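S.K.: kindly return the folded structure for what I paste below:
(one chain, ligands or ions: 1)
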Amino acid sequence: MSKELIRLENCSMAFDDELVLKDLNLYFNDKEFLTLLGPSGCGKTTTLRIVGGFTTPTSGNVLFDGVRINDVPPYKRQINTVFQKYALFPHLNVFENIAFALRLQKREDPKNPKRKIPLAEEEINQRVGEMLDIIGLKGFEHRKPDALSGGQQQRVAIARALVNRPKVLLLDEPLGALDLKLRRDMQMELKKIQQQVGITFIYVTHDQEEALTMSDTIVVMDKGTIQQIGTPEDIYNEPKNAFVADFIGESNIIDGVMVKDCMVRLYGHNFTCVDGGFAPNEAVDVVIRPEDIDIVPVDQGHIEGTVTDVTFKGMQYDIIVDFRGFKWLIQSTDHCPVGSRIGVKIDPEGFHIMKKSEYSGKFGDYSSYSDEYDELSDAESSQEEESNEE
Ligand SMILES: Nc1ncnc2c1ncn2[C@@H]1O[C@H](COP(=O)(O)OP(=O)(O)OP(=O)(O)O)[C@@H](O)[C@H]1O
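M.R.: Numbers count the residues shown, from 1 in each chain. Got it, this is the predicted structure:
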């Protein structure tokens, strides 16, 4: 089982009376890859800076291995940081950039225990060599940073931060300056490096795809608060509220009403779902991921609509369908011409039911529920007790 390494306990942060972190409670396990994910200004970097010791929280505690470290300066925390701007020393070659922290370290002189002397050259060679292996840059030792690509420079920055064996590495949007292809390659690389060195990585990004690719745990933040903590699968499959559903992946977020346990009513149709624990007649937000909607002939669908827009995305088509004014996004490998009538089917597992929250009704082409529509559809469906259960 993972061991807790760092804990933020009721941490708040205010700048000029503006509360930018609100009573954060969060822990980071040993050896985990945890990502702080959220929109610009939500407080990710401030949280990272508190962990690193560059910022002291206005209130609350920071614990490392159970010991309060609020007043411990950054260099005494066994925590290193990699920023988006690599900040390599331009006049030093790759070897010396990586060796930098080791050259500052002192050890006891074996001949005179009262004296401190630099690390042995042999040890420096061995530890820098290990790092060059890990980042895959053996043979680049003598290059200066300006003779490296962006991705290579970032790898050197990571090696430089790891060489003195910290317990935690903080990474603040470290891939932000790279182009998309390189970013993707580096995501895999970073995950591999983290597993190889076996320490905690705390990663900050606003890129949900990056977070889903690399993380063991994702912390979704908004406006200085935590919205959800979970594995990438948990967060994607069971978003806690409309904010998380909208921020992670693409979603259709629809007003619904629970009919009973495991049955939800949308646009006057009853759909079988798998989520229970809601009261009959409780208003809920319903998330349906675009890839969970199947396109079928009109007479075989649960509901039918008109295609208003089709975009080719390489792996699939993004298809916008109008269900009497409510726009849904469907992702499908089938091409449907604009103007065509289609039916759609959704399996019970495709419905993610969420409690109403402050975010309800605030995202995208949110399809608002209305009693009038319900009545209209009721009449039209001639009192059928429709459900998507086969
Ligand atoms: N030193 C500071 N003085 C005043 N306000 C600050 C300071 N640092 C951060 N803030 C404010 O705190 C809020 C959170 O900032 P933070 O940098 O933590 O957000 P973020 O989620 O990392 O954003 P981004 O993704 O844009 O980097 C913002 O409103 C920001 O303007």
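S.K.: host element of the residue lying closest to residue 281 once chain neighbours are set aside?
M.R.: With Cβ to Cβ, 6 or more residues apart in numbering as the criterion, residue 281 has its nearest non-adjacent residue at 6.1 Å, and that residue is residue 257. (C-beta placed from N, C-alpha, C; glycine too.) Per DSSP states H and E, residue 257 falls inside strand 252-260.
S.K.: and the contacts of that strand?
M.R.: Residues outside strand 252-260 that contact it (Cβ atoms under 8 Å, 6 or more residues apart in numbering): 242, 245-246, 264-266, 270, 278-290, 293, 326, 328-329, 353, 360-361, 363-369.
S.K.: go ahead and build a ChimeraX selection from the buried members of these.
M.R.: Those of the contacts of strand 252-260 that count as buried under 16 or more other Cβ atoms under 10 Å are selected in ChimeraX with:
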select :242,245,246,264,265,266,270,278,284,285,286,287,288,289,290,293,326,328,329,353,360,366,367,369
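S.K.: of all the residues in the helix or strand containing residue 192, which ones are buried?
M.R.: For residue 192, the host element (DSSP H and E) is helix 180-197. For helix 180-197, the neighbour count (16+ other Cβ under 10 Å) marks 182-183, 186-187, 189-191, 193-194, 197 as buried.
S.K.: quick one: name the residues of the stretch 101-250 of the chain near the ligand.
M.R.: On the criterion Cβ under 6 Å from any ligand atom, the ligand has as its neighbours in the stretch 101-250 of the chain the residues residue 206.
S.K.: now do the strands in the stretch 101-250 of the chain.
M.R.: Here the stretch 101-250 of the chain has its strands, by DSSP state E, counting those that start in this stretch, at 106-109, 112-118, 168-172, 200-205, 217-222, 225-230.
S.K.: neighbours of the residue nearest to residue 349 when sequence neighbours are not counted, just the number please.
M.R.: Leaving aside its sequence neighbours, residue 349 sits nearest to residue 274 (Cβ to Cβ, 6+ apart; 5.6 Å). By other Cβ atoms under 10 Å, the residues close to residue 274 number 12.
S.K.: my guess is residue 274 meets residue 350, correct?
M.R.: No. Residue 274 lies out of contact with residue 350 (Cβ atoms under 8 Å); the separation is 9.2 Å.
S.K.: ok, residue 247 - contacts?
M.R.: Neighbour list for residue 247: 37-39, 208, 220, 222 [criterion: Cβ under 8 Å, 6+ apart].
S.K.: kindly provide the distance from it to the ligand.
M.R.: Note on residue 247: its distance to the ligand, by Cβ to the nearest ligand atom, to the nearest Å, is 12 Å.
S.K.: that older thread, for the residue nearest to residue 281, give me the pLDDT.
M.R.: Residue 257 carries a pLDDT score of 94 in this model.
S.K.: can you check residue 22 too?
M.R.: The model reports residue 22 with a pLDDT of 96.
S.K.: need phi/psi at residue 261.
M.R.: With angles defined as degrees, to the nearest 10, residue 261 sits at phi -60, psi 130.
S.K.: how many neighbouring residues does the closest residue to the ligand within the stretch 201-350 of the chain have?
M.R.: Nearest to the ligand in the stretch 201-350 of the chain, going by Cβ to the nearest ligand atom, is residue 206, at a distance of 5.0 Å. Counted with other Cβ under 10 Å, the neighbours of residue 206 add up to 18.
S.K.: residues in contact with it?
M.R.: 37-40, 44, 173.
S.K.: same deal with residue 337?
M.R.: By Cβ under 8 Å, 6+ apart, the contact list for residue 337 reads 307, 310.
S.K.: before we move on, what SS does it have?
M.R.: Put simply, residue 337 is coil when judged by DSSP: H, G, I helix; E, B strand; the rest coil.
S.K.: and the gap between the residue of the stretch 251-390 of the chain found nearest the ligand and residue 223?
M.R.: The stretch 251-390 of the chain approaches the ligand most closely through residue 359 (17.4 Å), counting by Cβ to the nearest ligand atom. Applying Cβ to Cβ, to the nearest Å, the value for residue 359 to residue 223 is 11 Å.
S.K.: before I go, just wanted to say thanks for your time.
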